[in-house]
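> the amino acid sequence is not available; the structure is as follows:
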DNA sequence: ATGATATTAGCACGACCGGTCGGAAGCTAA
DNA sequence: TTAGCTTCCGACCGGTCGTGCTAATATCAT
């Protein structure tokens, strides 16, 4: 690992932390360079453009996500436990990976939903890939009899992402202490298991 | 209505549209002034600070939201229909109000979740108020026997917001054509009614 | 050790940011 | 008519932005 690669890794680590706090628009060169003890252009030489820096940061965050959230599933029992494990780790993965602030991917969603470009494209692909992972976990849980037969994996993944999003809102933005309990209760309801306390639900 | 108030309204209309596209960070004075045919400082005289402009824009958007989403509920049958009506209007209210882009409140959530200030404070209050409205609608639906007795309105509101968030992601960002159907199916499941097609759900 | 080549730093440019100021219009009331 | 106030403009401030160019430095094969 050459020195250049090492510096690049240092930069990207700081960049991901910055993106967690201020999003990808907050990835400004000068403050980032100051953080890693470099000048703006010394940093600039590694990427060539702001967009390339954003993409590289996104990529680095995705690797962290893969390692912290998805990969540990391999050692879990297949089916619902594995799915639940991924969801649980997904909830607090930034803190779990030593990152400040909130999930940077969600920041990217609102920052790039109206402006096309390489970052948006990459982010869409990342979400699509992860969604596919979730769908496979759901399908596996169905095969194991942990979820009702006929469950639509796409629909389930949609609602699972909904829960993660609501958690981001309730915990990160509203700072609601009951956020985690609410989200876990919602997951239990989604998975069809009775939550500890009687929660939401309609007439059958 | 004096001339000052009229220009102020013109500015805020354009400001809300801008916020739908670029968020509240994108509320820059010069481009906004150009849009309404004024100079930066002429516009500035109406608000006094950027933060005040953001708050005023938020307020104006909230009035639009109230008029377009909440108010029409008064003429709907009480209970679940009223709740469902609010949810349906909530889904596409920016387009319905003639606004481009996406719901500005969601943009504000990620822009202000880590930086305190007047805008964040106001946004939290808006969300809290709307959440209370939803909870009352849920409680009413329970009293009408449209939702299962014992349904926790807070939990229901949490999951309803989750669905709206997922819709924002799937429709606005991922541009998934199936987004609306997925969201409606999820609402049907949340409300405990059978969706048209077999959707997500767990083992009973 | 030496020369070739990555890699990094210094520096400057043009554009844009939020914000300030003095003054020129236009409206209102006496 | 005239005085006062609201409204708006144009010029300008200090900063920061992304982006290049150039020189110095570190790394590595020979």
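The structure has been received and is ready for your questions. For clarity, every value in this text was computed on a predicted model and none was experimentally measured.

> ok, and what's touching the helix or strand harbouring residue A:53?
Using DSSP states H and E, residue A:53 falls within helix A:50-65. Here helix A:50-65 makes contact (Cβ atoms under 8 Å, 6 or more residues apart in numbering or on different chains) with A:12-13, A:15-16, A:19, A:24, A:27, A:29, A:46-47, A:93, A:97, A:99, A:104-105, A:108, A:117-119, A:122-123, A:126, A:130. No exception for glycine: its C-beta is placed from N, CA and C like everyone else's.

> restricted to buried residues, select those in ChimeraX.
Filtering the contacts of helix A:50-65 down to the buried ones (16 or more other Cβ atoms under 10 Å in any protein chain shown) takes a single ChimeraX command:
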select /A:12,13,15,16,19,24,27,29,46,47,93,97,99,104,105,108,119,122,123,126,130
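
> so which of the contacts of helix A:50-65 are also by DNA strand C?
Among the contacts of helix A:50-65, the residues within reach of DNA strand C (Cβ under 7 Å from any atom of the strand) are residue A:46.

> angle of the longest helix along chain A against helix A:50-65?
If you go by DSSP state H, chain A has its longest helix at helix A:118-143. Orientation of helix A:118-143 against helix A:50-65 (axes from the mean of the first three to the mean of the last three Cα atoms, to 10 degrees) gives an angle of 20 degrees.

> flag every buried residue along the next helix or strand after helix A:118-143.
Once the chain leaves helix A:118-143, the next helix or strand it forms, by DSSP H and E, is helix A:153-167. By neighbour count on 16+ other Cβ under 10 Å, the buried set for helix A:153-167 is A:153-167.

> so what does helix A:153-167 touch, helix or strand wise?
helix A:80-91, helix A:118-143, helix A:179-191, helix B:153-167, helix B:179-191 (3 or more Cβ pairs under 8 Å, 6 or more residues apart in numbering or on different chains; DSSP states H and E).

> which one of the ones you listed has the most crowded surroundings?
Burial of the helices and strands packed on helix A:153-167 is given as mean neighbour count (mean count of other Cβ atoms under 10 Å in any protein chain shown); helix B:153-167 ranks first at a mean of 24.

> what sits up against it?
Contacts of helix B:153-167 (Cβ under 8 Å, 6+ apart): A:158-159, A:161-163, A:165-166, A:169-170, A:178, A:182-183, A:185-186, A:189, A:199-200, B:87, B:90-91, B:106, B:131, B:134-136, B:138-139, B:142, B:147, B:179-180, B:182-183, B:186-187, B:190.

> around DNA strand C, pick out the residues from chain A.
Remark: the part of chain A in contact with DNA strand C comprises A:2-8, A:37-43, A:45-46, using Cβ under 7 Å from any atom of the strand.

> could you turn the buried ones of those into a ChimeraX selection?
Filtering the residues of chain A next to DNA strand C down to the buried ones (16+ other Cβ under 10 Å) takes a single ChimeraX command:
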select /A:7,8,38,43,46
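
> and the longest helix of chain A, does that touch chain B?
Yes. Against chain B, helix A:118-143 shows contacts by Cβ under 8 Å from any Cβ of the partner chain at A:124, A:127-128.

> that helix near DNA strand D anywhere?
No. Under the criterion of Cβ under 7 Å from any atom of the strand, DNA strand D is not reached by helix A:118-143; the shortest gap measures 11.7 Å.

> residues in contact with residue A:134?
A:83, A:86, A:153, A:156-157, A:160-161.

> just to revisit the earlier point, need the helices and strands packed on helix A:153-167 in TSV (columns: mean pLDDT).
Formatted as TSV, the helices and strands packed on helix A:153-167 follow (pLDDT from 0 to 100):
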stretch	mean pLDDT
helix A:80-91	98
helix A:118-143	97
helix A:179-191	96
helix B:153-167	98
helix B:179-191	96
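
> quick one, which of those helices gets closest to residue A:69.
helix A:80-91 (4.6 Å; Cβ to Cβ).

> burial measure for residue A:54, as a count.
Neighbours of residue A:54 under the rule other Cβ atoms under 10 Å in any protein chain shown: 26.

> these two touch, right, residue A:147 and residue A:193?
No. When contacts are counted by Cβ atoms under 8 Å, residue A:147 is not listed as touching residue A:193 (10.0 Å).

> who has more neighbours out of the two?
A side-by-side neighbour count of residue A:147 and residue A:193, using other Cβ under 10 Å, places residue A:147 first with 26 against 15.

> measure stretch A:36-53 end to end?
In stretch A:36-53, first residue to last residue: 15 Å (Cα to Cα, to the nearest Å).

> any bit of it sitting next to DNA strand D?
Yes. With Cβ under 7 Å from any atom of the strand as the criterion, DNA strand D is reached by stretch A:36-53 at A:40-41, A:44-45, A:48-51.

> got the residues you listed as a markdown table, with pLDDT columns?
Below are those laid out as a markdown table (pLDDT from 0 to 100):
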| residue | pLDDT |
| --- | --- |
| A:40 | 90 |
| A:41 | 90 |
| A:44 | 91 |
| A:45 | 91 |
| A:48 | 91 |
| A:49 | 93 |
| A:50 | 93 |
| A:51 | 93 |
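
> ok, residues contacting stretch A:4-18?
Outside of stretch A:4-18, the residues within contact range by Cβ under 8 Å, 6+ apart are A:26-27, A:31-32, A:35-36, A:38, A:43, A:46, A:53, A:56-57, A:60-61, A:64, A:99-101, A:104.

> from residue A:25, how far off is residue A:111?
Residue A:111 sits 6 Å away from residue A:25 when distances are taken as Cβ to Cβ, to the nearest Å.

> repeat for residue A:61
15 Å.

> again, but for residue A:122
Distance of residue A:122 to residue A:25, given as Cβ to Cβ: 16 Å.
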